[in-house]
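A.B. asks: This is the structure alone, sequence omitted:
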Ligand code: NI
Ligand code: MN
């Protein structure tokens, strides 16, 4: 399983049988080095409705004919706009041709157009992706929660964890998350995209190393084989 970090919370995941994009947000993403038009994939995984996780989902789904996998409300929303979708909900897993996806809890909010006329986009989720004998956890946007201990029982080869603070866990809580999840490697996400979530990922990695965890800081465009 090869991960390419595309900035913010967006990753391209290449498995033996399919290419997936998680939380597609490229065109308006200050940290992205490519645009939505540059992406080729078979599946799109969306953790929650906020535009910084789903902003380019429809464009990519339509152009690539990719199947969008997300909670029921997000799947119905994009389905009504013409995307091929597969709806799920937290606690549920499904076997796809490339492997298994299970949606997990996340403590956050989830809507589209969060101004005067917000559209309800179901509950926010995390994602567990199993493919090629590897298990990946993308936490989405979330606070720290005790049930991460249950997620860790899946035996995580890699965990993608927000550290930005303000909207999600900050570095202190992300360190506790590492204790709960015990991934072989963790990658910090959802930081430095805008000033309110500015963080020193290198300092976080150093603190994690002192506590016995492996954290890899990825720049936009970097790849990691899991
Ligand atoms: Ni969010
Ligand atoms: Mn976000």
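C.D. replies: Looks like it arrived, so ask away. Because the structure is predicted, anything quoted here is derived from the model rather than measured. Numbers count the residues shown, from 1 in each chain. Ligands and ions are numbered 1, 2, ... in the order given.

A.B. asks: Which residues of this structure lie near ligand 1?
C.D. replies: 50, 141 (Cβ under 5 Å from the ion). C-beta: built from backbone N, CA, C; applies to glycine.

A.B. asks: so where's the chain uncertain?
C.D. replies: Low-confidence segments of the chain (pLDDT under 70): none present.

A.B. asks: what helix or strand is the residue of it most remote from its centre on?
C.D. replies: Largest separation from the mean C-alpha position in the chain: residue 116, at 26.8 Å (Cα atoms, centre = their mean). In the assignment (DSSP states H and E), residue 116 maps to no helix and no strand.

A.B. asks: if I look at it, how far off is ligand 2?
C.D. replies: For residue 116, the distance to ligand 2 (Cβ to the ion, to the nearest Å) stands at 20 Å.

A.B. asks: Also residue 165?
C.D. replies: Residue 165 sits 12 Å away from ligand 2, going by Cβ to the ion.

A.B. asks: wait, that residue sits on residue 188?
C.D. replies: No - contact criterion Cβ atoms under 8 Å: residue 165 and residue 188 do not qualify, at 11.4 Å.

A.B. asks: can you give me the helices in the chain?
C.D. replies: Remark: helices assigned in the chain by DSSP state H are 51-54, 57-64, 72-80, 148-152, 171-181, 201-210.

A.B. asks: any chance of those in a markdown table, plus distance to ligand 2?
C.D. replies: Shown next, in a markdown table, are the helices of the chain (distance: least, Cβ to the ion, whole Å):
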| stretch | distance to ligand 2 |
| --- | --- |
| helix 51-54 | 4 |
| helix 57-64 | 14 |
| helix 72-80 | 14 |
| helix 148-152 | 18 |
| helix 171-181 | 15 |
| helix 201-210 | 16 |
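
A.B. asks: Switch those helices over to a markdown table; also include mean neighbour count and distance to residue 139.
C.D. replies: Conversion of these to a markdown table gives the following (neighbours: other Cβ atoms under 10 Å; distance: least, Cβ to Cβ, whole Å):
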| stretch | mean neighbour count | distance to residue 139 |
| --- | --- | --- |
| helix 51-54 | 21 | 12 |
| helix 57-64 | 20 | 18 |
| helix 72-80 | 20 | 17 |
| helix 148-152 | 18 | 8 |
| helix 171-181 | 20 | 7 |
| helix 201-210 | 15 | 14 |
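
A.B. asks: Give me the neighbour count for residue 113.
C.D. replies: 11 (other Cβ atoms under 10 Å).

A.B. asks: From ligand 1, how far out is it?
C.D. replies: Taking Cβ to the ion, one finds residue 113 at 13 Å from ligand 1.

A.B. asks: Not counting sequence-adjacent ones, nearest residue to that residue?
C.D. replies: residue 119 (5.6 Å; Cβ to Cβ, 6 or more residues apart in numbering).

A.B. asks: ok so, going back, ok, which of the helices of the chain comes nearest residue 158?
C.D. replies: helix 171-181 (10.1 Å; Cβ to Cβ).

A.B. asks: Just name whatever secondary elements the closest one is in contact with.
C.D. replies: helix 148-152, strand 158-162, helix 201-210 (3 or more Cβ pairs under 8 Å, 6 or more residues apart in numbering; DSSP states H and E).

A.B. asks: do you know which of those lies nearest residue 63?
C.D. replies: Here strand 158-162 is closest among the helices and strands packed on helix 171-181 (Cβ to Cβ), at 24.8 Å.

A.B. asks: For the closest one, what is the distance to the chain centroid?
C.D. replies: Computed by Cα atoms, centre = their mean, to the nearest Å, the chain-centroid distance of strand 158-162 equals 8 Å.
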